[in-house]
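**Student:** okay, here's the prediction I keep looking at, along with the sequence it came from:
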Amino acid sequence: MLKRRNIYFISILLVCLPSLFFFTYKVYSNFEDVRSKLILQEKKRKAWINLNKALQNKVNNFRGEVGLVIKDFDSGREISFNKNKLMPAASLVKLPILLSYYYAAREGKVSLDDNVRVRGSQIVGGSKVLGNARGEVFSVDALFKPMITQSDNTATNILIERMGFSALNTYFKKLGLKKTNLSRKMLDFKERRQGNENYTTASDMAFLLEELYRKEFLNKEISEKCLELLVQQKINDRIPKKLPKGVYVAHKTGLERHICHDVGIVFTDKGDFLICVMAKHNDRYAKSAKKFISEVALLTYRYCQLWDDL
């Protein structure tokens, strides 16, 4: 009788052991997963502290004024310096102009399919696409691509004329911008000498870019259209300059005398980040400012890529 009972218990044990081993393995695996995640989070935290110090050093040593916002979309962490400081917008103002047109089209205030004919009087410098387009006809939305991807000033001025300063500034507010304004056309130096300038902040630009990244500007389709234009940017001597080939960057540059900007989103296989760098300098050329922006971008990219080596 005792022998049978022992055999019975042994049989039950043999049946239960695989389940017990599996349960133990799952518990251990879950523990290891949690442990690994905690270790990675700590590495990211330390890497972020180091990045903050490195960027602070860069800003301190830059000969000029800087407005900067860096945001890690994965963790939500942000580094900023003078993010609410007003800076001449230069061509960064073209981004809210683009978004204002989509906003107005949704409200039925403008039609993106309307055609416009380029007049000779509208053509200004810094127009690689429309510089020789006198008499040519473009739809409103066909002007978006040259305005954003090649920073075409004629395309921008036509769009400013068509909607008007007052309406565009109203839409800037509707977009959620706090300190961005439009007071003059591109390359209107007379207005500038009279004290009329377009201004923005790193904070405002960061807000717009995050809206697009989250696909929260109007709707997913329009957000993606805007991002696609930014990805097609042809002026790549700042944020993308030192990044590895193949890294996607959706960005918009700004360049005027003593002003050099680049704001965008960098997409990597280990996480995406937002970078807005606005620089005001006293150099004759913008070489040092462009180098500064490219080095800030590279430092931030390395933060996203080197966690496993920390």
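**Tutor:** Received, thanks.

**Student:** quick one: Gly125 and Phe189 touch, right?
**Tutor:** No - counting by C-beta atoms under 8 Å, Gly125 sits too far from Phe189 to count as a contact (10.5 Å). (Each C-beta comes from the backbone N, C-alpha and C, glycine too.)

**Student:** return the set of buried residues in stretch 220-239.
**Tutor:** For stretch 220-239, a neighbour-count test (16 or more other C-beta atoms under 10 Å) marks Ile222, Ser223, Lys225, Cys226, Leu227, Leu229, Leu230, Gln233, Ile235, Asp237, Arg238, Ile239 as buried.

**Student:** quick check, nearest of those to Lys280?
**Tutor:** Distance to Lys280 across the buried residues of stretch 220-239 (C-beta to C-beta) is lowest for Arg238, with 14.8 Å.

**Student:** quick one: secondary structure of that closest one?
**Tutor:** Arg238 falls in the coil class when you classify it by DSSP: H, G, I helix; E, B strand; the rest coil.

**Student:** isn't it up against Leu298?
**Tutor:** No - at 11.1 Å, Arg238 does not count as touching Leu298 under the criterion of C-beta under 8 Å.

**Student:** re the thing from before, let me have the buried residues of stretch 220-239 in JSON lines, extended by pLDDT.
**Tutor:** JSON lines is the format used below for those (pLDDT from 0 to 100):
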{"residue": "Ile222", "pLDDT": "98"}
{"residue": "Ser223", "pLDDT": "98"}
{"residue": "Lys225", "pLDDT": "98"}
{"residue": "Cys226", "pLDDT": "98"}
{"residue": "Leu227", "pLDDT": "98"}
{"residue": "Leu229", "pLDDT": "98"}
{"residue": "Leu230", "pLDDT": "98"}
{"residue": "Gln233", "pLDDT": "98"}
{"residue": "Ile235", "pLDDT": "97"}
{"residue": "Asp237", "pLDDT": "97"}
{"residue": "Arg238", "pLDDT": "98"}
{"residue": "Ile239", "pLDDT": "98"}
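
**Student:** and the furthest pair within these?
**Tutor:** The span of the buried residues of stretch 220-239, defined through C-beta to C-beta, is set by Ile222 and Asp237 at 28.6 Å.

**Student:** of all the residues in stretch 274-282, which ones are buried?
**Tutor:** Across stretch 274-282, burial judged by 16+ other C-beta under 10 Å covers Leu274, Ile275, Cys276, Val277, Met278, Ala279, Lys280, His281.

**Student:** got a list of what Thr200 touches?
**Tutor:** Leu86, Met87, Ala89, Leu92, Val93, Pro96, Leu177, Lys179, Thr180, Asn181, Met278 (C-beta atoms under 8 Å, 6 or more residues apart in numbering).

**Student:** closest to Ser139 out of these?
**Tutor:** Looking across these and measuring by C-beta to C-beta, the closest to Ser139 is Pro96, at 20.6 Å.

**Student:** what's the neighbour count on Gly135?
**Tutor:** Neighbour count of Gly135, defined by other C-beta atoms under 10 Å: 8.

**Student:** so how far is Thr154 from it?
**Tutor:** Applying C-beta to C-beta, to the nearest Å, the value for Gly135 to Thr154 is 13 Å.

**Student:** where do the contact lists of these two overlap?
**Tutor:** Taking C-beta under 8 Å, 6+ apart as the contact criterion, the common neighbours of Gly135 and Thr154 are Val118.

**Student:** quick one on the thing from earlier: I'd like the contacts of Thr200 written out as JSON lines, with distance to Lys270 added.
**Tutor:** Compiled in JSON lines, those are given as follows (distance: C-beta to C-beta, whole Å):
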{"residue": "Leu86", "distance to Lys270": "35"}
{"residue": "Met87", "distance to Lys270": "31"}
{"residue": "Ala89", "distance to Lys270": "32"}
{"residue": "Leu92", "distance to Lys270": "28"}
{"residue": "Val93", "distance to Lys270": "33"}
{"residue": "Pro96", "distance to Lys270": "31"}
{"residue": "Leu177", "distance to Lys270": "31"}
{"residue": "Lys179", "distance to Lys270": "33"}
{"residue": "Thr180", "distance to Lys270": "32"}
{"residue": "Asn181", "distance to Lys270": "38"}
{"residue": "Met278", "distance to Lys270": "26"}
